[in-house]
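*Asks:* Provided below for reference: sequence and predicted model.
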Amino acid sequence: MITDVLFQTIAGQIESATGKPFGLLKTVTVGGGCINSTYRLEGKAEPYFVKLNYKDSLPMFEAEAIGLDGIAATDTVRVPKPVCSGVVEDQAFLAMEHIQLRSTNASCDRLLGQKLAAMHGVRQEYFGWHRNNTIGSTSQINTRLDNWVMFFAKHRLGFQLSLAKSNGYNGKLQQNGALLLESLPMFFVSYQPKPSLLHGDLWGGNYAGDNTGQPVIFDPACYFGDREADIAMTELFGGFGKDFLAAYDYAYPLDVGYKTRKSLYNLYHIINHLNLFGSGYLGQAENSIARLLAEVR
C-alpha cells in the first residue's frame, strides 16, 4: 500500500544518501510509466523522481541505477543521477535526480546522435554485462560471451522465443524462429560487431530534452553489445528525427548491412512485447521472421 508514511520514509533515505536536508512538502503523481508507479517528491530544496513497484522489483531498480551510473561515467549523454533504492513497507523504490524534461527538436536530435556515437565508443572485451537486468519487466540475461552471434542467439532472440513458447505461442512462430536462429551467422558474414556500451531500451519514450536543450536518456537496460541494436530500436516506434540518425552516422558510420540487421534486432523487442502485452504482436513477430528468412534463402 502506498501511504504518506512510505513517502516520508523514502524522503528520510534520500536525506541519508545525499547528506542534505530535504523536508518533504508535496508528492505529485507523474504519468507515463506502464510498469512502475512514478512520483515527484518536492521538498525545501530540489525535487526528486521516485519509482515504486512491488518489493520483489528491487533487483530491477538496482540494475537500473547501476546502468545509469555506467552511462554517466562515459561523460556523453545526460542521464538522471540515481540517489538511493531499497524497500519500504511492501514497496521497492528507486529515487533519482529530477530533471525537468522538455520536448526534443532537431538540434537536440543531432546532439543525441553525436553523444550516443561517443557512448558506443566505450568498449569492453566481452558481450553482456556484469549482472542481469530487465527489458521492460522481462528478465534480460547478460551472461558474458565473446561471440556476438552466440550471445544474441542464446540470451536475446532464443530467450524470448523460449518465453513465448511457455506463454503458449507455438506453431509458425517457433518453427520459423528456430530456422532463423540457425541462420543467424548469415547476417554477419562480412560484419564483426564490437562490444559497445548500449542503453538497451532506446525507444522514443526513454528520450527527452532538458531545459538547456541537451538530450536526456533514461530507463536503461544496459549491456555491451552491437551498437546497431540501439540504433535499430530508435527506428522501431519512432520519436527520433532524421537529424539524429544523420548525426550519428556522420560521427560513427553504420555498416551497409545495418538496413537488414535492424529488423533482426527489433524482433527481440517485438517478441518481448508479445510476451508482455499479448497476441496483438504475434502477427508482427511472424511477419518479421518471414522477411528475415527471405534475406538468407
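*Replies:* Good, I have the coordinates. Residues are numbered from 1 along each chain as shown.
*Asks:* put the alpha carbons of the longest helix anywhere in the chain into CSV.
*Replies:* Secondary structure of the chain per DSSP state H: the longest helix is helix 258-277. Extracted C-alpha coordinates of helix 258-277, given in CSV (Å, rounded to 0.1, in the frame of the first residue of the first chain):
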residue,chain,number,x,y,z
TYR,A,258,22.5,-2.4,-40.8
LYS,A,259,19.5,-1.9,-43.1
THR,A,260,18.8,-5.7,-42.9
ARG,A,261,20.1,-6.4,-39.4
LYS,A,262,17.9,-3.7,-37.8
SER,A,263,14.9,-5.9,-38.4
LEU,A,264,16.7,-8.7,-36.7
TYR,A,265,17.5,-6.6,-33.6
ASN,A,266,14.0,-5.2,-33.4
LEU,A,267,12.5,-8.7,-33.5
TYR,A,268,13.9,-9.1,-30.0
HIS,A,269,11.7,-6.2,-28.8
ILE,A,270,8.7,-7.3,-30.8
ILE,A,271,8.7,-10.7,-29.2
ASN,A,272,9.2,-9.2,-25.8
HIS,A,273,6.1,-7.1,-26.4
LEU,A,274,4.3,-10.3,-27.4
ASN,A,275,5.3,-11.8,-24.1
LEU,A,276,4.5,-8.7,-22.1
PHE,A,277,1.3,-7.4,-23.8
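*Asks:* packing partners of that helix?
*Replies:* strand 138-140, helix 158-166, helix 227-234, helix 282-296 (3 or more Cβ pairs under 8 Å, 6 or more residues apart in numbering; DSSP states H and E). All C-beta spots, glycine's among them, are computed from the backbone N, C-alpha and C.
*Asks:* number of residues surrounding residue 15?
*Replies:* Residue 15 has 16 neighbours, counted by other Cβ atoms under 10 Å.
*Asks:* so how far is residue 65 from it?
*Replies:* Residue 15 sits at a distance of 18 Å from residue 65 (criterion: Cβ to Cβ, to the nearest Å).
*Asks:* where's the most centrally placed residue in the chain, which helix or strand?
*Replies:* The chain has residue 201 as the residue nearest its centroid, 2.3 Å off, counting by Cα atoms, centre = their mean. Using DSSP states H and E, residue 201 is not contained in any helix or strand.
*Asks:* and for residue 29?
*Replies:* Residue 29 is located in strand 26-30, with elements delineated by DSSP H and E.
*Asks:* which stretches of this protein have low pLDDT?
*Replies:* For the chain, the stretches flagged by pLDDT under 70 are 1, 32-33.
*Asks:* could you list the domains of it?
*Replies:* Domains of the chain are assigned by automatic domain parsing as 4-97, 106-296.
*Asks:* export the strand holding residue 29 to CSV, keeping only CA atoms.
*Replies:* Taking Å, rounded to 0.1, in the frame of the first residue of the first chain, the C-alpha atoms of strand 26-30 are listed here in CSV:
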residue,chain,number,x,y,z
LYS,A,26,4.5,17.5,-1.5
THR,A,27,4.1,14.3,-3.5
VAL,A,28,2.9,14.6,-7.1
THR,A,29,1.9,11.6,-9.3
VAL,A,30,3.8,11.6,-12.6
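*Asks:* find the nearest non-adjacent residue to residue 124, please.
*Replies:* Spatially, and ignoring its direct neighbours in sequence, residue 124 is nearest to residue 224 (4.3 Å; Cβ to Cβ, 6 or more residues apart in numbering).
*Asks:* that neighbour: what's it in contact with?
*Replies:* Applying Cβ atoms under 8 Å, 6 or more residues apart in numbering, we find residue 224 in contact with 123-124, 126-129, 195-198.
*Asks:* how is it classified with respect to secondary structure?
*Replies:* Each residue gets one of three states, and residue 224 gets strand by DSSP: H, G, I helix; E, B strand; the rest coil.
*Asks:* what do you get for residue 130?
*Replies:* coil.
*Asks:* what's near enough to touch it?
*Replies:* By Cβ under 8 Å, 6+ apart, the contact list for residue 130 reads residue 142.
*Asks:* repeat that for residue 274.
*Replies:* Counting by Cβ under 8 Å, 6+ apart, residue 274 touches 164, 167, 169, 281-282, 285.
*Asks:* what do you get if the cut-off is 10 Å, keeping everything else the same?
*Replies:* By Cβ atoms under 10 Å, 6 or more residues apart in numbering, the residues touching residue 274 are 160-161, 163-164, 167, 169, 173, 280-286.
*Asks:* from residue 177, how far out is it?
*Replies:* Computed as Cβ to Cβ, the residue 274 to residue 177 distance reads 11 Å.
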